[in-house]
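J.: I'd like to go over a predicted model; first the sequence, then the structure.
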Amino acid sequence: ADESLLPTAVEELLRYLSIVNAFPVRIALEDVVVGGVTVKAGQSVAVSVPAVNRDPALVDDPGTLDVGRPRSSHLAFGYGIHQCLGQHLARIELVSGYRGLIRRFPGLRLAVPPEEVRMRSDMIIYGAHELPVTW
């Protein structure tokens with residue numbers, strides 16, 4: 001496997017899988033127009049991170065996982081003052097972890113078809129219930 005693709009592959013996985021389902025609810029302090037919709041002062045808004053990360057304005061063919069895709073401006077780690085402070089460490093850990101797996105288990109692959117991997121949708125943190133692999 002080409003290890004030079006790991007940083008872009010990690011970014012694509014973060015965009016495609018989105019770690020959290022939504023940012024905490026925010027309350028508008030004043031009337032504001034968001035995406036053509038007026039949010040009045042006092043109304044609450046929640047941002048669906050997976051929906052934002054799959055926006056066709058962000059990347060071409062957003063429903064496809066493409067680990068060779070150039071890095072996009074995804075919201076997997078939040079944005080602005082609500083951006084994850086540990087995001088850089090998480091990226092390093094992901095790249096290092098995948099690099100170690102590739103080197104130690106070059107034949108590592110899913111033991112089931114991808115559509116059989118059950119993803120967690122019942123928790124705030126997204127991920128697989130289990131990931132059966134073989135090598």
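T.: Perfect, thanks for sending it.

J.: use CA for all of it now, contacts and neighbours both
T.: Will do.

J.: Specify the local secondary structure of residue 38.
T.: Going by DSSP: H, G, I helix; E, B strand; the rest coil, the secondary structure assigned to residue 38 is strand.

J.: So for it, what's the pLDDT?
T.: We have a pLDDT of 96 for residue 38.

J.: these two touch, right, residue 29 and residue 39?
T.: No. Using C-alpha atoms under 8 Å as the test, residue 29 is too far from residue 39 to be in contact (9.6 Å).

J.: Compare these two (neighbour count), which wins?
T.: residue 39 (18 against 12; other C-alpha atoms under 10 Å).

J.: where's the more buried one relative to residue 24, distance?
T.: As defined by C-alpha to C-alpha, to the nearest Å, residue 39 lies at a distance of 16 Å from residue 24.

J.: per-residue pLDDT, residue 8?
T.: Looking at residue 8, its pLDDT stands at 94.

J.: residues contacting it?
T.: By C-alpha atoms under 8 Å, 6 or more residues apart in numbering, the contact set of residue 8 is 67, 68, 69, 70, 71.

J.: Most neighbours among those, please name it.
T.: residue 67 leads those on contacts (other C-alpha under 10 Å) with 17 neighbours.

J.: three-state assignment of that one?
T.: Taken by three-state DSSP, the conformation at residue 67 corresponds to coil.

J.: pLDDT below threshold where in this protein?
T.: 1 (pLDDT under 70).

J.: quick one, helices of it?
T.: Secondary structure of the chain (DSSP state H): helices located at 6-17, 49-53, 87-104.

J.: How about the second one, which residues are buried there?
T.: Along helix 49-53, these residues count as buried under the neighbour rule (16 or more other C-alpha atoms under 10 Å): 49, 50, 52, 53.
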